[in-house]
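Engineer: could you look at this predicted model? Sequence included:
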Amino acid sequence: MEIRSPKSESEFVAYYELRWRVLRMPWGQPSGSERDELDAAATHVAGFDEVKRLVCVGRLHAVETGVGQVRYMAVEESLRGLGLGQAVLDELERLAKRQGISVIVLDARESAVGFYRRNGYEAVGEGHVLFDEVRHSKMKKKF
């Protein structure tokens with residue numbers, strides 16, 4: 001497994017396609033809904049398997065001085081439970097520290113709250129409900 005930022009246009013196409021397929025398509029959202037105005041200034045991380053296929057992604061962006069937000073964490077469904085999300089989160093946290101970020105906030109889907117708790121995040125409130133059915137919890141981690 002290689003964890004790094006996407007480098008080429010084709011890698012970014014695969015990056016956004018995985019984000020859409022895992023995080024938006026199951027709820028009938030159109031291609032393009034997996035992107036937002038912060039993508040251009042964000043730090044993107046992707047995991048590539050032994051045949052260089054992109055299989056997991058995540059993004060970090062600055063919210064304010066010293067505070068970053070992790071968003072769009074996604075792992076190929078057939079490969080969940082193998083530590084790929086952990087590898088992406090570890091790299092995002094490493095890069096956050098290097099960027100002077102001392103606090104990370106995120107909105108975790110209910111199904112991912114346990115994952116983030118195991119990584120030192122604490123629930124700090126209720127988050128939004130995406131697509132009228134995907135509940136989130138606001139979480140935070142201080143370094």
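Structural biologist: Sure, I can see it. Given the structure is predicted, the values throughout are model-derived calculations rather than measurements.

Engineer: every contact and neighbour count from this point should use C-alpha atoms.
Structural biologist: Will do.

Engineer: residue at max distance from the center of this structure?
Structural biologist: In the chain, the greatest distance from the average C-alpha position (Cα atoms, centre = their mean) is reached by Val51, at 22.1 Å.

Engineer: now that one: which helix or strand?
Structural biologist: Take DSSP states H and E as the rule and Val51 turns out to sit in neither a helix nor a strand.

Engineer: before we move on, what about Leu60?
Structural biologist: According to DSSP H and E, Leu60 maps onto strand 54-64.

Engineer: that strand pairs with which strands, and in what direction?
Structural biologist: If you go by DSSP bridges, strand 54-64 pairs up with strand 43-48 (antiparallel), strand 67-75 (antiparallel).

Engineer: redo those as CSV? Include mean neighbour count and distance to Arg135.
Structural biologist: Compiled in CSV, the strands paired with strand 54-64 are given as follows (neighbours: other Cα atoms under 10 Å; distance: least, Cα to Cα, whole Å):
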stretch, mean neighbour count, distance to Arg135
strand 43-48, 22, 24
strand 67-75, 22, 15
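
Engineer: so can I have CSV of those strands showing mean pLDDT and distance to Leu89?
Structural biologist: Output for those, formatted as CSV (pLDDT from 0 to 100; distance: least, Cα to Cα, whole Å):
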stretch, mean pLDDT, distance to Leu89
strand 43-48, 97, 9
strand 67-75, 96, 8
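
Engineer: can you redo those as a markdown table with distance to Pro30?
Structural biologist: Formatted as a markdown table, these follow (distance: least, Cα to Cα, whole Å):
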| stretch | distance to Pro30 |
| --- | --- |
| strand 43-48 | 21 |
| strand 67-75 | 16 |
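
Engineer: of the ones you listed, which approaches Leu18 most closely?
Structural biologist: Among the strands paired with strand 54-64, the nearest to Leu18 by Cα to Cα is strand 67-75 (7.3 Å).
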